[in-house]
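K.L.:
fold the following and give me the result.
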Amino acid sequence: MNAIEESTELLERWFELLASEPALRSRNAALRLGVSEGQLVAARCGDGATRLVEDYQRLLGSLEPLSEVLVITRNEHVVHEKRGFYRKLEFNNSYGAALDPNIDLRFNFRHWAHGFAVNEDGARGPRKSLQFFDRDGTSVHKIYQTNNTSDTAWRDLIGGFAHADQAPGLTPMPAVTDYTVEPREQADAAALRKDWLALEDVHAFQALLRRYRLRRIDALHLVGTDQARPVASDTWRAVLQCAADIAMPIMVFVASPGVVQIHTGPIQKLVPRDGWFNVLDPTFNLHLREEAIAQCWVVHKPTSDGGVNSVELYGRAGELIVQLFGARKPGIPELKGWRALLAEIPATDAVLDAV
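P.N.:
As a prediction, this is how the structure comes out:
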């Protein structure tokens with residue numbers, strides 16, 4: 001069976017599934033069909049999807065004329081949505097950032113392998129989006145039209161970045177790994193702690209993990225409870241509720257393989273519903289699958305500004321789900337109210353051992 005035949009067969013199975021479950025999202029449909037979401041989208045090339053050229057930095061740099069867009073970055077357990085303008089972009093080789101106050105992103109383009117412009121029917125009518133995927137077809141980032149998006153600029157963008165090859169199909173390949181992880185039992189915990197305590201910039205933390213070839217959760221287990229302490233797994237609920245009650249500006253970080261998406265500001269409308277904890281504010285929505293949260297940690301990282309404290313949520317396999325910080329900028333000390341709030345949270349011994 002060639003790629004076109006495989007795509008045709010996949011679409012037939014997808015349409016059968018949609019006939020019985022019209023509201024099923026493409027990510028969930030792909031899981032049910034045993035393929036990646038990227039494969040499902042690629043199967044529609046020529047019929048609702050347009051493959052885009054792989055010049056992603058230039059493409060993102062051309063988005064400002066679209067005006068307002070909705071951007072979505074997610075992992076397996078949380079969806080982060082922001083409305084705003086795609087502008088103030090900076091690129092440095094395989095990395096980059098979007099620094100608009102509302103659309104605040106960090107890019108790792110080593111994980112951007114496939115891009116498509118997608119037209120689909122949603123619950124509220126037709127939807128147009130740009131969707132980007134890792135080599136294995138995992139979703140990296142999505143950009144949706146809103147009622148305030150320029151449709152003319154959108155058409156011009158698609159016309160300018162359409163790939164010459166519009167044949168349906170995508171062959172998944174192993175995703176790029178930033179480094180090979182080693183068991184935490186092999187790590188030099190004393191050396192890790194020494195280097196952790198010497199941190200001056202929170203952005204150097206990823207380099208620290210890479211140096212010791214550790215997952216984030218493993219470093220937390222090793223560094224000592226004065227720097228990272230496990231707390232009750234539902235602590236995050238009280239933290240978010242307190243922040244909403246007193247209008248404390250916070251930062252909410254969610255990462256896919258190739259993007260970190262950040263909300264900075266107060267949160268207002270908190271709505272638990274059907275196993276999901278939701279923030280439903282005008283320009284920021286968060287959808288967090290509550291049952292996925294196995295571990296919650298309060299983490300301190302030293303910096304030249306006096307240190308930064310976060311609440312970090314992890315899944316059962318030790319994967320990072322979401323990070324919460326007090327709102328801050330480089331060179332400005334952390335909010336005293338945020339630091340005081342986290343200082344009152346007691347440690348717990350009831351933490352699952354990450355695998």
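
K.L.:
what sits opposite the residue most central in space within the chain in the beta ladder?
P.N.:
By CA atoms, centre = their mean, the mean C-alpha position of the chain lies nearest to Ala255, the distance being 2.8 Å. For Ala255, the beta-bridge partners are Val260 (DSSP bridges).

K.L.:
what residues are up against it?
P.N.:
Residues counted as contacts of Ala255 (CB atoms under 8 Å, 6 or more residues apart in numbering) are Thr73, Asn75, Gln261, Leu320. In this view, the C-beta of every residue, glycine as well, is placed from N, C-alpha and C.

K.L.:
among these, which ones are in strands?
P.N.:
Thr73, Gln261, Leu320 (DSSP state E).

K.L.:
quick check, nearest of the residues you listed to Arg210?
P.N.:
Each of the ones in strands among the contacts of Ala255 was scored against Arg210 by CB to CB, and Leu320 proved nearest at 15.1 Å.

K.L.:
format the contacts of Ala255 as TSV; extra columns: pLDDT, distance to Arg328 and neighbour count.
P.N.:
Converted to TSV, those look like this (pLDDT from 0 to 100; distance: CB to CB, whole Å; neighbours: other CB atoms under 10 Å):
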residue	pLDDT	distance to Arg328	neighbour count
Thr73	98	21	23
Asn75	97	23	19
Gln261	98	17	23
Leu320	98	20	18
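
K.L.:
with distance to Lys142 added, can I get those in a markdown table?
P.N.:
Putting the contacts of Ala255 into a markdown table (distance: CB to CB, whole Å) gives the following:
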| residue | distance to Lys142 |
| --- | --- |
| Thr73 | 8 |
| Asn75 | 13 |
| Gln261 | 11 |
| Leu320 | 20 |
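
K.L.:
and the lengthiest helix in the chain, how far from the chain's centre?
P.N.:
Secondary structure of the chain per DSSP state H: the longest helix is helix 3-20. Chain-centre distance of helix 3-20: 28 Å, with CA atoms, centre = their mean, to the nearest Å.

K.L.:
which positions within that helix qualify as buried?
P.N.:
By neighbour count on 16 or more other CB atoms under 10 Å, the buried set for helix 3-20 is Glu6, Ser7, Leu10, Leu11, Arg13, Trp14.

K.L.:
what does whichever helix or strand comes after that helix contact?
P.N.:
For helix 3-20, the following helix or strand on the C-terminal side (DSSP states H and E) is helix 26-33. Contact with helix 26-33 is made by 10, 13-14, 17-18, 24, 36-37, 39-41, 120, 137, 139, as judged by CB under 8 Å, 6+ apart.

K.L.:
nearest to Ala247, of these?
P.N.:
Closest approach to Ala247 among those (CB to CB): Ser139, at 32.5 Å.

K.L.:
that closest one touches Val41, doesn't it?
P.N.:
No - the pair Ser139 / Val41 is not scored as a contact, 9.1 Å apart, by CB atoms under 8 Å.

K.L.:
what is the neighbour count of Ala164?
P.N.:
6 (other CB atoms under 10 Å).

K.L.:
cool, Asp195 as well?
P.N.:
Neighbourhood size, Asp195 [other CB under 10 Å]: 16.

K.L.:
cool, and His77?
P.N.:
21.

K.L.:
what of the one 5 residues further on?
P.N.:
Lys82 has 23 neighbours, counted by other CB under 10 Å.

K.L.:
from Cys45, how far out is it?
P.N.:
Using CB to CB, to the nearest Å, Lys82 is found at 28 Å from Cys45.

K.L.:
also Thr73?
P.N.:
23 Å.

K.L.:
now the helices for the stretch 101-250 of the chain?
P.N.:
Along the stretch 101-250 of the chain, the stretches classed as helices by DSSP state H, counting those that start in this stretch are 151-161, 189-197, 205-212, 216-223, 235-245.
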